[in-house]
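Sequence and predicted model, in that order:
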Amino acid sequence: METLYHSTRSANEVVTSKQAILTGIAPDGGLYVSDQLGETKVDLARIASQDYHATARDVLGTLLTDYAADEIASCVAGAYGSNFDSPAVTPLTPLGTDWLLELYHGPTCAFKDVALQMLPRLMSVAREGRGQNIMIVTATSGDTGKAALEGFADVPGTGVTVFYPDGKVSDIQHLQMACQRGANVAVAGIRGNFDDAQTQVKRIFADAELGARLAASGTVLSSANSINVGRLVPQVTYYMDAYAQLVKRGAIKLGESVDFCVPTGNFGDVLAGYYAKELGLPVGKLIVASNTNKVLTDFIETGTYDRRRDFVKTISPSMDILISSNLERLLYYLTDGDCERVAAWMAELSQTGVYTLPADVMFRMRETFACGFATDDDTRATIASVWEDLGILIDPHTAVGACVAYRRESEGRQRVCLSTANPYKFSADVLAALGTDTTGMDGFACMDALQEMTGVEAPAQLAGLRTAPVLHPDVCDQDEMSGFVEAACQRVFA
């Protein structure tokens, strides 16, 4: 049976998974969902006995049914090869009595690689025979941007435009984007924060006049953020594979439940865990770990989503988000597909900055989701203690997750903390957390000092940035972003 997708805000127009992936976001501003989620369950024994590549083929084949088996196999083989420095792709390692799922072994040293090495391949298959050029437009809080640029650079028939909040990403994250090579890439900082960038990108997608002008020249816009279902679905695989690794190690028996603690900003990473549970993975709790921008913690605790608060710049910048877009998909499933209620809540959020869920919906959410948050001081203390006690170097986002996990009772289940980035992407903050005064030191001086202190080698792709030329110095105001995209389309597809 073919799996069809429609907007979270209306079920009137259905599309295939290929169409959903090419479009990125639904025309009414909603996100694509499928009512068939959970109808087909994975074979848990099969998952537990196979490798990452086989599980990826199973997951994608279940959720993206209009892709042929050979198309999926080709995409998987291309996405997860020598570009990852571990044959396991996402290896599971001990973290004291818990486990660390290392998601940063791809080309940009962040978990976004798992999906963004796959998405360009899914798009390339989907656009075959359509005669359209695709411009990827994405907002990033730090990691998505580089992963999208790396994944789409010089892919035929596509371009990629990335906006990041100027001055609100780490030095290394900035250079990863600003030094990106590729004839089809465009990068700009924006004067504002990630939420400003994300909001404006959504407006660009909804701009009918811009869409018509681009369509006249054979170009359509799509997204590489986790609002794109083709970005979300590949992330389901590493939950399945983590479970398989636990079974193979003898840490759990087949069928036992596992908790996952996920550093979360835009809600996509943890939502992939919910999808895995709907596909039959024995998930106990999905623990949503936030930093000081704890809009999700407050939401899960109170039932009120309120973005009307000060935006705080933290040492875990990829989580500095007040509008968690992927939450909309969860609301759809928690209400058994009530598009009208979801649309009304999203309208409230847009118009007033707040909405409140009824008790029955919150009860369903809390059956699966738990929460907690960590301040910057908590994060620094966790980086230091994990290094001193376990000899493991973790980045500030992973430390948020570990801190929240440590504070909770384990409830007798094995717990997996998702490690979302290599610590050397945030050398200055990690080094400072370990007690070094970093005043006057740039990112590379901190990288060198951290290597000397710990004996842990920095990835070559990060260390090599110190001699890379800056190719994308642009910074623009929010109202200039649409023009920047249109100019990028004209240049790339001239």
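On my side now, so go ahead.

Please count neighbours and contacts with C-alpha atoms only from this point.
Noted.

Need the pLDDT of Arg309.
Note on Arg309: pLDDT of 96.

quick one: it from Leu431, how far?
Going from Arg309 to Leu431 by CA to CA, to the nearest Å gives 30 Å.

neighbour count winner among the two?
Leu431 (25 against 11; other CA atoms under 10 Å).

Where does that one fall, secondary structure wise?
helix 427-433 (DSSP states H and E).

pLDDT (mean, whole number) over that helix?
Across helix 427-433, pLDDT averages out at 97.

Can you list the residue ranges for helices in the stretch 301-450 of the chain?
327-334, 339-352, 359-368, 376-390, 396-407, 427-433, 443-454 (DSSP state H, counting those that start in this stretch).

Kindly reformat these as CSV containing distance to Val201.
CSV is the format used below for these (distance: least, CA to CA, whole Å):
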stretch, distance to Val201
helix 327-334, 17
helix 339-352, 14
helix 359-368, 29
helix 376-390, 29
helix 396-407, 25
helix 427-433, 29
helix 443-454, 29
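
looking at these, which is buried most?
Mean neighbours per residue, mean count of other CA atoms under 10 Å, is largest over these for helix 396-407, with a mean of 26.

Next, the angle helix 376-390 makes with it.
Angle, helix 396-407 to helix 376-390, by axes from the mean of the first three to the mean of the last three CA atoms, to 10 degrees: 80 degrees.

Can you list the buried residues in stretch 154-170?
154-155, 157-166, 168-170 (16 or more other CA atoms under 10 Å).

can you tell me the average pLDDT over that stretch?
On average, the pLDDT along stretch 154-170 is 94.

measure that stretch end to end?
Stretch 154-170 has its terminal residues 26 Å apart, counting by CA to CA.

And for stretch 206-220?
12 Å.

Not counting it itself, show me its contacts.
Stretch 206-220 is contacted by residues 23, 27-29, 131-135, 204-205, 221, 486, 489 when judged by CA atoms under 8 Å, 6 or more residues apart in numbering.

Tell me the buried residues within these.
For the contacts of stretch 206-220, a burial check counting by 16+ other CA under 10 Å picks out Thr23, Gly29, Asn133, Ile134, Met135, Ile204, Phe205, Leu221, Glu486, Cys489.

My guess is the second one contacts Val201. True?
So that's Gly29. No. Assessed by CA atoms under 8 Å, Gly29 is found out of contact with Val201, at 11.0 Å.

picking up where we left off before, in strands only, show me the buried residues of stretch 154-170.
Thr158, Gly159, Val160, Thr161, Val162, Phe163, Tyr164, Pro165 (DSSP state E).

Quick check: bridge partners of the second one?
It stands for Gly159. Beta-bridge partners for Gly159, by DSSP bridges, are Met135.

list the contacts for it?
Asn133, Ile134, Met135, Ile136, Phe152, Ala153, Asn184, Val185, Cys489, Val492.

tell me which of those is nearest to Leu100?
Leu100 lies nearest to Phe152 out of those, by CA to CA, at 28.8 Å.

How about the closest one: what's its closest non-neighbour residue?
Excluding the flanking residues, the one nearest Phe152 by CA to CA, 6 or more residues apart in numbering is Pro120, at 5.9 Å.

For the one you found, grab the count of nearby residues.
Neighbours of Pro120 (other CA under 10 Å): 25.

again, but for Gly412
Neighbours around Gly412, by other CA under 10 Å: 9.

and the helix holding Leu431, what other elements does it pack with?
helix 376-390, helix 443-454 (3 or more CA pairs under 8 Å, 6 or more residues apart in numbering; DSSP states H and E).

Can you redo those helices as JSON lines, where the extra columns are mean pLDDT and distance to Val247?
Formatted as JSON lines, the helices and strands packed on helix 427-433 follow (pLDDT from 0 to 100; distance: least, CA to CA, whole Å):
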{"stretch": "helix 376-390", "mean pLDDT": "98", "distance to Val247": "23"}
{"stretch": "helix 443-454", "mean pLDDT": "97", "distance to Val247": "32"}
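
still on that earlier bit, so which of the contacts of stretch 206-220 belong to strands?
Assigned to strands by DSSP E, the following of the contacts of stretch 206-220 qualify: Asn133, Ile134, Met135, Leu221.

wait, which of the residues you listed is closest to Gly337?
Of all the ones in strands among the contacts of stretch 206-220, Leu221 has the smallest distance to Gly337: 26.8 Å, by CA to CA.

correct me, but the closest one touches Thr138?
No. Using CA under 8 Å, Leu221 makes no contact with Thr138, being 10.0 Å away.

where does the stretch 51-200 of the chain dip in pLDDT?
Residue ranges of the stretch 51-200 of the chain with pLDDT under 70: none are present.

All the helices of it, in order from the start?
Here the stretch 51-200 of the chain has its helices, by DSSP H, counting those that start in this stretch, at 52-63, 69-79, 112-116, 119-127, 143-152, 171-178, 194-206.

who wins for proximity to Lys277 among those helices?
The closest of the helices of the stretch 51-200 of the chain to Lys277 is helix 52-63. By CA to CA, the value is 12.1 Å.

Run the chain-centre distance for the closest one.
Relative to its parent chain, helix 52-63 has a centroid offset of 18 Å by CA atoms, centre = their mean, to the nearest Å.
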